[in-house]
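**Q** one predicted model, sequence on top.
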Amino acid sequence: MSERNRKFRVAVRQFEPFSLAMEHAWASFCAAEGIDGIELEAVSLDLHPLYDSLVTQQGASHGDWDIAFCPTDWLAALHADNLLLDLAPYIAQAPPQDYPDGWAPSLLQMQVFGDAVLGLPYHDGPECLIYRTDLFNDPVHRQAFRREYGRSLTVPRTWDDFVDTARYFHNPEAGLYGTVLAGYPDAHNTIYDFHLQVWTRGGSVLTDEGAVQLDTPEAVAALNFYRDLMQDDSLIHPQSRKLDSVASGLEFAHGRIAMMVNWFGFASMCETIPESAVKGNVAITTLPSATGNESTSLNIYWVLAIPTGCPNADLAYRFMRYCASPAEDKNLTLGGGIGCRRSTWLDADVNRQIPFYRDMESLHAVARELPRLPNWPQVTEVIDELMLAVVNTNEPVASLTGRFQDQLASLDR
């Protein structure tokens, strides 16, 4: 056996619950299948290094990885470049337990291209508003808020209320910030915030013809709001421009944030990780919206995929199928990730430890997806640059959206 075949290499999105779940699953998988002499090498990578390892460094085609964590917004580009193996023949021969009915339909769509299936759902959890119940239910806060704002302290349903509430709770001297944004320019978190702000103002980022459009009135309003929020030191964590979703989620878990828009998984993490300072005091709900508009959410999930250069695709699929089992899905969830199976969502142990897990269905009911475009990675780089310019310059937003719309047009030339 070659040195490469003595290692089973997994490109993991850097997040401790993922690494721990992989280690647990590999150990139990090897015991169940009688596998000896093959070592798991789970390499944790941030988003840009993960993408680079698969695409830029051609690791997906050159056999560097046996399995890769992939978010669904990458899949169209990876499919266009033939970098992921079609799992449909494997699934037809040996499907995961309860496939496909064991998963909600919304978790089986984004990885399908024609007849090809590019991954199995691994980690889910739509965007939501995560907040501290101990703060919102505190009688002292409730009285003080009413004195200051002349209304009851409730979980905000509009973005204007969100700003007022964040400003009220903001108390840096006590180590508490009203809110936090995941503003790190990784062409992910800023992209998600842009879409959510546009959608909750009744807008769309796609034209009827399927082209990305940045210079709409809703986009201008969304970006003006984002600029004001990011630059307002009377309500926001001062390091928001440097934090990604994981780091901002940890700030909340450590008790330093009153409320935030982030992935459901970070609310769940607060109930599972030992270092959480807010366990038992966390709740989630749908996002605020602009007055007169509906709430929405964003459904992006992580799949386990097999790169086309994988030297042992049969072993990789068997392990992937094992990770999709009810037991491993539940283990991932109780360790701080978000399992994707319906059995996990309804599990008594899970709902006892994470009381708001039952709210997952309500988030999926209003969730939308990002565009599935082959050039999406290039599009996100343009939007990411736009978001940076919004935050770091004083150029009018309407001017910025027009300028960056021209950059998008150049991608098609």
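**A** Looks like it came in fine.

**Q** list the contacts for I67?
**A** F8, R9, V10, A11, L304, A305, I306, P307, C310, A316, F319, M320 (Cβ atoms under 8 Å, 6 or more residues apart in numbering). Heads up, the C-betas are built off the backbone N, CA and C, glycines and all.

**Q** most neighbours, which of those residues?
**A** Neighbour counts for those, by other Cβ atoms under 10 Å, peak at A305, which reaches 30 neighbours.

**Q** number of residues surrounding P217?
**A** 12.

**Q** one more: A327?
**A** 14.

**Q** which element is it on?
**A** helix 326-334 (DSSP states H and E).

**Q** what comes into contact with that helix?
**A** Under Cβ under 8 Å, 6+ apart, the answer for helix 326-334 is 17-18, 21, 24-25, 28, 97-98, 102, 122-123, 268, 272, 322-323, 338-341, 343-344, 347, 349-350, 353-354.

**Q** do stretch 5-17 as well
**A** Taking Cβ under 8 Å, 6+ apart as the rule, stretch 5-17 contacts 18-19, 22, 26, 37-47, 50, 53-54, 59, 64-69, 71, 246, 269, 272-273, 302, 311-312, 315-316, 319, 332, 335-337.

**Q** in PDB, could you pull the C-alpha coordinates for the helix-or-strand element of the chain with minimal mean pLDDT?
**A** One helix or strand of the chain scores below all others by mean pLDDT, DSSP states H and E: helix 360-365, with a mean of 83. Provided in PDB are the C-alpha atoms of helix 360-365 (Å, rounded to 0.1, in the frame of the first residue of the first chain):
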ATOM      1  CA  MET A 360     -35.700  24.800  12.300                       C
ATOM      2  CA  GLU A 361     -38.800  24.100  10.100                       C
ATOM      3  CA  SER A 362     -40.000  27.700  10.500                       C
ATOM      4  CA  LEU A 363     -36.600  29.000   9.200                       C
ATOM      5  CA  HIS A 364     -36.700  26.700   6.200                       C
ATOM      6  CA  ALA A 365     -40.200  27.800   5.400                       C
END
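
**Q** off-centre distance for that helix?
**A** Between the centre of helix 360-365 and the centre of its chain there are 15 Å (Cα atoms, centre = their mean, to the nearest Å).

**Q** who are the packing partners of the helix or strand just after it?
**A** Heading C-terminal from helix 360-365, the first helix or strand you meet, by DSSP H and E, is strand 367-368. Packing partners of strand 367-368 (3 or more Cβ pairs under 8 Å, 6 or more residues apart in numbering; DSSP states H and E): strand 297-298.

**Q** who does the strand it packs on touch, helix- and strand-wise?
**A** For strand 297-298, the packing partners by 3+ Cβ pairs under 8 Å, 6+ apart are strand 127-132, helix 189-199, strand 367-368.

**Q** and the longest one, what's buried?
**A** By that I understand helix 189-199. Buried residues in helix 189-199, counting neighbours by 16 or more other Cβ atoms under 10 Å, are found at N189, T190, I191, Y192, D193, F194, H195, L196, Q197, V198, W199.

**Q** against P274, how distant is the fourth one?
**A** From Y192 across to P274, the span is 28 Å (Cβ to Cβ, to the nearest Å).

**Q** same deal with the last one?
**A** Counting by Cβ to Cβ, the separation of W199 from P274 is 36 Å.

**Q** buried among the contacts of stretch 5-17? Make that a ChimeraX selection.
**A** Of the contacts of stretch 5-17, the buried ones can be selected in ChimeraX as follows, counting by 16+ other Cβ under 10 Å:
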select :18,19,22,26,38,40,42,44,45,47,50,53,54,59,64,65,66,67,68,69,71,246,269,272,302,311,312,315,316,319,332,335,336,337
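
**Q** contacts only, for I130.
**A** Here I130 is in contact with F252, M259, M260, V261, N262, F266, A267, C270, V282, A283, I284 (criterion: Cβ under 8 Å, 6+ apart).

**Q** so where do the strands sit in the stretch 51-200 of the chain?
**A** In the stretch 51-200 of the chain, the strands defined using DSSP state E, counting those that start in this stretch lie at 67-71, 112-113, 116-117, 120-123, 127-132.

**Q** JSON lines for these, including mean pLDDT and distance to L408?
**A** Output for those, formatted as JSON lines (pLDDT from 0 to 100; distance: least, Cβ to Cβ, whole Å):
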{"stretch": "strand 67-71", "mean pLDDT": "97", "distance to L408": "21"}
{"stretch": "strand 112-113", "mean pLDDT": "97", "distance to L408": "23"}
{"stretch": "strand 116-117", "mean pLDDT": "98", "distance to L408": "28"}
{"stretch": "strand 120-123", "mean pLDDT": "97", "distance to L408": "30"}
{"stretch": "strand 127-132", "mean pLDDT": "97", "distance to L408": "24"}
